[in-house]
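Colleague: requesting a structural model of the entry that follows:
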Amino acid sequence: MKKAKFAIVGCGRISKHHIAGIAAAPSAELAAVCDIDENAAKKACESAGINRYYLNLSDMLEKEKPDVLCVCTPSGMHGAHAIEAMERGINVLCEKPLDIKSDMLDKMIEVQKKNHVILGGIFQRRNAAVMRILKEKYDSGAFGDIIFVSAKMDYYRDDEYYKSAAWRGTRELDGGCLMNQCIHGIDSLLYLVGDAASVYAKCERRERNIECEDTASALIKFKNGATGIVEATTCVNPGQDTVISVSGTCGSASVGDGGIYAWDFTDGSACPDVKDGGFGGKNCAWNGTELHEIQIEDMARAVLDGGAPQICGEDARRAADLILAMYKSSETGKEKVL
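Modeller: You can find the predicted model right below:
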C-alpha cells in the first residue's frame with residue numbers, strides 16, 4: 001500500500017506524539033526529522049527507528065522532499081516553517097496553535113492557497129470519544145436553545161517548566177496559558193458552537209515570572225446567541241481536569257479528562273457508557289498518542305486521495321484568532337468585537 005512520506009521539524013516534547021502517531025497510522029511513514037539541537041534530533045531518530053536527521057530545515061526539505069511536514073517547533077516559529085514547506089509545494093500538518101500572530105496566520109493561508117497544498121492543524125481532542133459524543137448531541141438539537149457553554153482549565157506548570165526552555169511564556173515565541181495550554185478548550189467551544197461575535201477578557205500574571213499571562217478569564221458572545229465562559233490558568237496546584245460544559249433549554253452535559261461528568265436532558269436520554277474516552281490527561285498532560293494518530297492518518301489520506309483534512313488551516317486558526325482578541329480586550333479593558 002502506498003504511504004505518505006512524513007518529516008518532522010522540531011524534536012521537543014510534542015514530537016514524540018507525532019513520531020508514535022506516524023508509526024501507528026497505516027497510510028504514513030516517517031522519513032526524517034530536523035532540529036537545531038543535534039542531540040534532540042538523534043534521540044528522535046532513535047525513538048522512531050530511523051537514521052536520517054537534519055539540523056537545517058531547508059536541507060531536509062530539499063533532500064527528502066516529503067509529502068507532509070509536521071511542524072512541532074515553538075509556536076512563534078510555526079508560520080515561518082510551514083510557509084517554507086508550502087512554498088516548496090509540501091503539505092503541512094501544524095501543531096497548535098497554527099501561529100501566534102495575526103499577520104502570520106494570514107500569510108499561511110495565503111501561501112497555502114497560492115501553492116495549492118494542504119494545510120492542516122492539530123487539535124486532537126476533537127477526536128476524543130467524549131467530544132464526539134458531545135458534538136453529536138449538540139448537533140442533534142437535543143440541548144434546545146444554548147444558554148451557556150464553558151471551558152474550565154485549571155492547570156499547573158511550575159517555575160521549572162517555564163525555565164526549561166527560554167521561549168516558554170514569551171510573547172515572541174509562545175504566549176501564555178491561553179495560547180499554549182488552554183487553546184484546546186477554546187477550540188472545543190468553537191468546534192461545538194461556531195464562531196464568536198465578541199469577547200471580554202482579563203489576563204494576568206499571578207504566580208509565574210513570565211512575559212505573558214498565567215491566569216485568564218473570558219466572557220464570549222457567540223454568533224448563535226450563546227454565552228461562553230473561559231477559566232484558564234497554570235497556577236492551580238495540583239492541576240485539574242479539563243471540563244467542557246454545555247447548558248441549554250432542554251439539557252445539560254459536561255465532559256472532560258475523566259469521561260462524562262454530567263448528562264441530564266428533558267427527554268430522559270441515558271448517559272452514554274464511555275470507558276477511557278476522555279481527553280487523555282489530567283492537568284493538560286497528554287498521555288496517549290491515538291488521537292494524534294487519527295489526525296495523521298486523516299492527513300495522509302487527504303494527501304494520497306486528494307481530499308481535505310479534518311481540520312484545515314482556516315478552521316485551525318479560529319482558536320488563535322479568538323485568543324488574540326482576548327489579549328486585545330485585556331489590554332484595552334474593553335469588549336473586542338470580532
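Colleague: where does pLDDT dip in the chain?
Modeller: For the chain, the stretches flagged by pLDDT under 70 are 276, 280-288.
Colleague: tell me where it has helices.
Modeller: Counting by DSSP state H, the chain has helices at residues 15-24, 38-48, 57-64, 78-87, 102-115, 129-139, 159-163, 183-193, 290-305, 313-332.
Colleague: what does the shortest one contact?
Modeller: The reference is to helix 159-163. With contact meaning Cβ atoms under 8 Å, 6 or more residues apart in numbering, helix 159-163 is reached by 168-169, 208-210. In this view, the C-beta of every residue, glycine as well, is placed from N, C-alpha and C.
Colleague: buried sites along it?
Modeller: Residues Tyr162 are the ones in helix 159-163 that count as buried (16 or more other Cβ atoms under 10 Å).
Colleague: which non-adjacent residue is nearest Tyr156?
Modeller: In this structure, Tyr156 finds its nearest non-sequential neighbour in Gly239, 3.6 Å apart by Cβ to Cβ, 6 or more residues apart in numbering.
Colleague: that neighbour against Lys152, yeah?
Modeller: No. Taking contacts as Cβ atoms under 8 Å, Gly239 lies outside contact range of Lys152: 11.9 Å.
Colleague: what's the spacing between the residue nearest to Tyr156 and Gly176?
Modeller: 16 Å (Cβ to Cβ, to the nearest Å).
Colleague: more neighbours: those two, which one.
Modeller: Higher neighbour count among Gly239 and Gly176: Gly176, with 28 against 20, using other Cβ atoms under 10 Å.
Colleague: got the contact list for that one?
Modeller: Per Cβ under 8 Å, 6+ apart, neighbours of Gly176: 169, 203, 205, 210-214, 216.
Colleague: what subset of the residues you listed is buried?
Modeller: Neighbour counting over these (16+ other Cβ under 10 Å) leaves 169, 203, 210, 212-214, 216 as the buried ones.
Colleague: need those residues in CSV (columns: distance to Asp139).
Modeller: Shown next, in CSV, are these (distance: Cβ to Cβ, whole Å):
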residue, distance to Asp139
Gly169, 37
Cys203, 32
Ile210, 38
Cys212, 35
Glu213, 33
Asp214, 35
Ala216, 29
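Colleague: out of these, list just those in strands.
Modeller: Residues from those lying in strands, with DSSP state E as the criterion: 203, 216.
Colleague: ok, of the buried ones among the contacts of Gly176, which one's closest to Pro97?
Modeller: Among the buried ones among the contacts of Gly176, Cys212 lies closest to Pro97 (Cβ to Cβ), at 12.9 Å.
Colleague: over to the closest one: give its phi and psi.
Modeller: With angles defined as degrees, to the nearest 10, Cys212 sits at phi -110, psi -180.
Colleague: mind checking how far Lys107 is from Glu29?
Modeller: In terms of Cβ to Cβ, Lys107 sits 30 Å off from Glu29.
Colleague: redo the contacts of Gly176 as TSV? Include distance to Ala320.
Modeller: Rendered in TSV, the data for the contacts of Gly176 read as follows (distance: Cβ to Cβ, whole Å):
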residue	distance to Ala320
Gly169	17
Cys203	15
Arg205	21
Ile210	19
Glu211	18
Cys212	14
Glu213	15
Asp214	19
Ala216	15
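Colleague: from those residues, which single one is nearest Arg125?
Modeller: Distances from Arg125 to the contacts of Gly176, taken by Cβ to Cβ, are shortest for Ala216, at 19.0 Å.
Colleague: residues touching that closest one, list them.
Modeller: 176-178, 182, 201-204, 230, 232-233, 326, 330.
Colleague: Lys275 too?
Modeller: Gly259.
Colleague: same thing with Phe6?
Modeller: 18, 22, 28-31, 66-70, 296, 300.
Colleague: and which of the residues you listed is nearest Lys137?
Modeller: Each of these was scored against Lys137 by Cβ to Cβ, and Ile296 proved nearest at 27.1 Å.
Colleague: looks like that closest one contacts His18 (just checking).
Modeller: Yes. The pair Ile296 / His18 is scored as a contact, 7.0 Å apart, by Cβ under 8 Å.
Colleague: hey, what's in contact with both of these two?
Modeller: Taking Cβ under 8 Å, 6+ apart as the criterion, Ile296 and His18 both touch 6, 70.
Colleague: can you name the residues bridging to Ala151?
Modeller: Here Ala151 shows beta-bridge partners Val230, Ile244, assigned using DSSP bridges.
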